[in-house]
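Colleague: Model the following, please.
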Amino acid sequence: EIALRVIRTAKAMGITTVLGVSSADATSLPALMADETVLLGPGPSSQSYLAIDKVVVAMVGAKCDAVHPGYGFLSENAAFAKAVAEAGIRFVGPDIKTLEGMGDKLAARALALEAGLPVLPGGEAATREAVHARAAETGYPLLLKAVAGGGGKGMRRVDRAEDLDAALDMAQAEAQAAFGNNAVYVERFVAKGRHVEVQLLGDGTHAIHLGTRDCSIQRRFQKLVEEAPAPAMPEEARAGIENAAVRLAQHIGYRGAGTAEFLVDATDFSFYFLELNARIQVEHPVTEAITGVDLVEQQLLVASGKALKLAQAMVRPVGHAIEVRINAEDPDADFRPAPGRIARAAWPAGPGVRVDTHIAAGGEVPPFYDSLLGKLIVHGATREEAVARLQAALALVRIEGVPTTAGLHARIAADPRFAAGGVDTGFLTGLAS
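Modeller: Take a look at the predicted model:
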C-alpha cells in the first residue's frame, strides 16, 4: 500500500520509480504501476525486504538516486541508511544520527528529556535480571517494549510479576523477528490513556507541526482507527503537545516527515512522550485530508535538498478526517491473519472519500507480511459529518475471499462512545460484538 502511495506522488513529480519486490509481491499492483521492478529475493522478509545487502545491490544496479523506505521493515534502520549513503544514494528520511537516536527508544527518551518533554517511568533493562529489577521499581501493570520497535511489534503488557518471564520471551522473539534486535525496555502502563500524536515536517534547520492525530482505538498495540485532529481535547492541551513535538524536532535538527507520539491521560490531559517515528506513518492521509499537504511530496522535496516552503502560519487545518485500516484478519478469531486470494474487492467512492489500497480482485494476500488490505479515509466539515460519511462508506465495502476487519469498523463507527469522541485505548475491550 505505501509503495503504491509513494509511486503515485513520485510520478506526479516526474520521478522515475523502481520498486524492489519479493517474489510474493512480483505481480502486485504497485509492481505493475512502477516504471521498473527488481527482485530482491523470496517471500520471507528476512530474505528480501530486511536484507540490507540485497536492497542496496538492487538500487545500485538500477542506478537509483534515492530510496524511499516506506514504513516498517528498514524504514527506521540506521545501518540501512548508512549503507545507502555509502553507495552514493539518498535516503528519503532523517539523517543517520537522528535514526540512531530515534530508532533506539531508550536514546529517544533521553533526547526527549533533554528537550524538556515528560516521559513515563521506566527505562533500560539489558538482561533478564535487569528487567525484573526495573519492573519492581516501575510497578505493575507495565509494558515491555522493543528498543528498535514500532507498529506494536515486540510489545507486551504485564499485569503480574509471575507473568513477566513469559511475556519477556514473547516480546524478545517478536522484536527479533520484526527488527533483527531483541532488546526491550520497561515502561509504566497507563490504564486510561489516549494515544495522541503530532505530524512533523523539518528540513534540518526549521520544523513545523501539522496538527494532532488520535490513534487510541487499537488491538495488540496496533492502531485500527485514526483521526485528525484529536477530538474532545482542550485547546491548551492540544497546543502543549504540538509545541512539545516541535521543540523535540528543533532540538534534534529533524529532517523530513516524522511523528511524535504521546500518551495522554484521559482524565486530566497530562501527556508523556512515547517515541518519534522517523518515517511516514500509516495514518498520514488524515493529516493530508485536513491540511491539503502531500506529505510524501514534502519528504521527497526535503530529501532532494530543498528547504521547507511551509511556515507554521500557513498550516490551517480544515474539518475532520477519519481513517480505518481494512486488514485481512478475522476479528472474531482473535484477529487471526487471513492470507489468501481476493475474489472481489469493491471500494466506496464519492465526495470526502479516499481509498489507499493495493488490492484488487484476484490479488493475493501473502502470509509473510502485515495484513493491511487498504485504508478507508473520510473527510467532513465537522467530526459528526466525518462519522456519518464513514458509516456510509463502510456499508459499501465488499471484500470477498478472506475475512476482513470491515465489519468490526462498522460496529466501531456505530458505537455511541465513538460518536461522542475522545475514547481511550481500552475502547475495543468494551465494544459489543
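Colleague: The nearest residue to Val38 once chain neighbours are set aside: neighbour count?
Modeller: On the basis of C-beta to C-beta, 6 or more residues apart in numbering, the spatially nearest residue to Val38 that is not a chain neighbour turns out to be Ala58, at 4.5 Å. The C-beta positions use only the backbone N, C-alpha and C, and glycine is treated the same way. Taking other C-beta atoms under 10 Å as the criterion, the count of residues near Ala58 is 22.
Colleague: Contacts only, for Ala58.
Modeller: The contact partners of Ala58, by C-beta atoms under 8 Å, 6 or more residues apart in numbering, come to 20, 38-40.
Colleague: These: which two are farthest apart?
Modeller: By the measure C-beta to C-beta, the contacts of Ala58 have their two most distant members at Gly20 and Leu39, which lie 8.0 Å apart.
Colleague: Compare these two (neighbour count), which wins?
Modeller: Between Gly20 and Leu39, counted using other C-beta under 10 Å, Gly20 has the larger neighbour count: 23 against 15.
Colleague: Need phi/psi at Phe368.
Modeller: Backbone torsions of Phe368, given as degrees, to the nearest 10, read phi -90, psi -20.
Colleague: so where is the stretch 51-200 of the chain shaky, pLDDT-wise?
Modeller: Within the stretch 51-200 of the chain, the stretches falling below the threshold (pLDDT under 70) are 151.
Colleague: can you pull out the helices in it?
Modeller: Secondary structure of the stretch 51-200 of the chain (DSSP state H, counting those that start in this stretch): helices at 52-61, 78-86, 96-103, 105-114, 128-138, 164-179.
Colleague: in stretch 347-359, what's buried?
Modeller: Burial within stretch 347-359, assessed by neighbour count using 16 or more other C-beta atoms under 10 Å, is assigned to 347-348, 352-359.
Colleague: Need the mean per-residue confidence for it.
Modeller: Confidence for stretch 347-359, expressed as mean pLDDT, is 97.
Colleague: Please enumerate residues in contact with that stretch?
Modeller: Surrounding stretch 347-359, the residues in contact under the criterion C-beta under 8 Å, 6+ apart are 1, 3-5, 28-30, 285, 289, 326, 342, 345, 365, 373-380, 385-386, 389, 392-394, 396-397, 399.
Colleague: same thing but at 7 Å, please
Modeller: The set of residues that contact stretch 347-359 without belonging to it, under C-beta atoms under 7 Å, 6 or more residues apart in numbering, is 1, 4-5, 28-30, 285, 289, 342, 345, 373-380, 389, 393, 396-397.
Colleague: Separate out the buried members of those.
Modeller: Counted by 16+ other C-beta under 10 Å, the contacts of stretch 347-359 give 1, 4-5, 28-30, 285, 289, 342, 345, 373-380, 389, 393, 397 as buried.
Colleague: Looking at the contacts of Ala58, spot the one nearest Thr425.
Modeller: Minimum distance to Thr425 across those is 34.9 Å, recorded for Gly20 (C-beta to C-beta).
Colleague: ok, now which ones touch the closest one?
Modeller: Gly20 is in contact with 38, 40, 55, 58, counting by C-beta under 7 Å, 6+ apart.
Colleague: Of these, just the buried ones, PyMOL syntax please.
Modeller: Here is the PyMOL command that selects the buried residues among the contacts of Gly20 (16+ other C-beta under 10 Å):
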select buried, resi 38+40+55+58
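Colleague: out of the contacts of Gly20, what pair is the most spread apart?
Modeller: Within the contacts of Gly20 (distances taken as C-beta to C-beta), the two that end up farthest apart are Val38 and Val55, at 9.5 Å.
Colleague: May I have the beta-bridge partners of the nearest residue to Met170 once chain neighbours are set aside?
Modeller: With sequence-adjacent residues excluded and distances taken as C-beta to C-beta, 6+ apart, Met170 is closest to Arg156, at 5.8 Å. Taking DSSP bridges, one obtains Leu144 as the residues bridged to Arg156.
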